[in-house]
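Asks: Following is a predicted model, sequence given first.
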Amino acid sequence: MIVALGIGYLSGAIPFGLILTKSAGLGDVRRIGSGNIGATNVLRTGNKTVAALTLVCDALKGTIPVVLMGWLYGGEAAILAGLAAFFGHLFPLWLKFKGGKGVATNIGVLFGLFWPLGAIFLAVWLAMAFIFRISSLSALTASLLTPLWAYLLGRSDLLLPAVILGAAIWFTHRANIARLLKGEEPKISLANKT
């Protein structure tokens, strides 16, 4: 349990959004947009390549510890590692516990635990993003439906983890929810400034 939590947290706490934007000469991503280190905020730099890399890396830091701990110690260790990775992304030690909103890492964790659940989350996110072009609404909808899909797919062992992950995503998006209710939430922009 200690190994799973430790490996998961340390993996999740790697601030890829900050590392990649600084490496690309885009400055500190925490000084733009929402101020967090996730892929959506990195996209606000106008560099789609760096945003895509951030998305992939943030997802993998959820998938890798889940798969590794599951292989070494079994399903319960995989779940613990996934939750730890997710909360490591939200609250990274290196950045005074101010991280991202957890969507990409959540997707990575779900793919690691049970890939059909991750695929459904991603499909719902993409469908909502295509229709409404609002990242937060896509994430909120997908996370709300994930526990239901875990139940329908016969993975009751993933029901509680899905609820925890979903509740945390709603918490990290509380400011977005307020803007959505006011009709002020910005839409996804794919304009490339670089």
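Replies: Nice, thanks for sending it over.
Asks: okay, and the helix or strand of the chain with the least pLDDT?
Replies: helix 39-43 (a mean of 90; mean pLDDT, DSSP states H and E).
Asks: Put the alpha carbons of that helix into CSV.
Replies: Provided in CSV are the C-alpha atoms of helix 39-43 (Å, rounded to 0.1, in the frame of the first residue of the first chain):
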residue,chain,number,x,y,z
ALA,A,39,-3.1,20.7,-21.0
THR,A,40,-6.1,23.0,-21.5
ASN,A,41,-4.3,25.9,-20.0
VAL,A,42,-1.1,25.0,-21.9
LEU,A,43,-3.3,25.3,-25.1
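Asks: Mind giving me the packing neighbours of it?
Replies: If you count contacts as 3 or more Cβ pairs under 8 Å, 6 or more residues apart in numbering; DSSP states H and E, helix 39-43 packs onto helix 16-23, helix 48-73, helix 103-113. Backbone N, C-alpha and C define where each C-beta goes, glycine included.
Asks: and the ones you listed, which is most packed in?
Replies: Greatest average neighbour count among these goes to helix 103-113 (a mean of 28), per mean count of other Cβ atoms under 10 Å.
Asks: Contacts for the following helix or strand past that helix, please.
Replies: Counting by DSSP states H and E, the element after helix 103-113 in chain order, helix or strand, is helix 115-132. With contacts defined as Cβ atoms under 8 Å, 6 or more residues apart in numbering, helix 115-132 is touched by 103, 106-112, 134-135, 137-139, 141-143, 145-146, 149-150, 153, 155, 158, 162, 187-188.
Asks: sorry, back to before: just send the helices and strands packed on helix 39-43 back as CSV, with distance to Phe87 and mean pLDDT too.
Replies: Output for the helices and strands packed on helix 39-43, formatted as CSV (distance: least, Cβ to Cβ, whole Å; pLDDT from 0 to 100):
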stretch, distance to Phe87, mean pLDDT
helix 16-23, 16, 96
helix 48-73, 11, 97
helix 103-113, 9, 98
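Asks: Any chance of TSV for these, columns distance to Leu180?
Replies: Compiled in TSV, these are given as follows (distance: least, Cβ to Cβ, whole Å):
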stretch	distance to Leu180
helix 16-23	23
helix 48-73	22
helix 103-113	15
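Asks: Just the residues contacting the least confident helix or strand of the chain, thanks.
Replies: With Cβ under 8 Å, 6+ apart, helix 39-43 has contacts from 17, 20-21, 29, 32-35, 50-52, 54-55, 58, 100-101, 103-104, 135, 188-190.
Asks: so where is this structure shaky, pLDDT-wise?
Replies: 190-194 (pLDDT under 70).
Asks: Was I right to think Gly99 contacts Gly35?
Replies: No. Using Cβ atoms under 8 Å, Gly99 makes no contact with Gly35, being 10.8 Å away.
Asks: Give me the more crowded residue out of these two.
Replies: It is Gly99, of Gly99 and Gly35, that has more neighbours when counted by other Cβ atoms under 10 Å, with 27 against 11.
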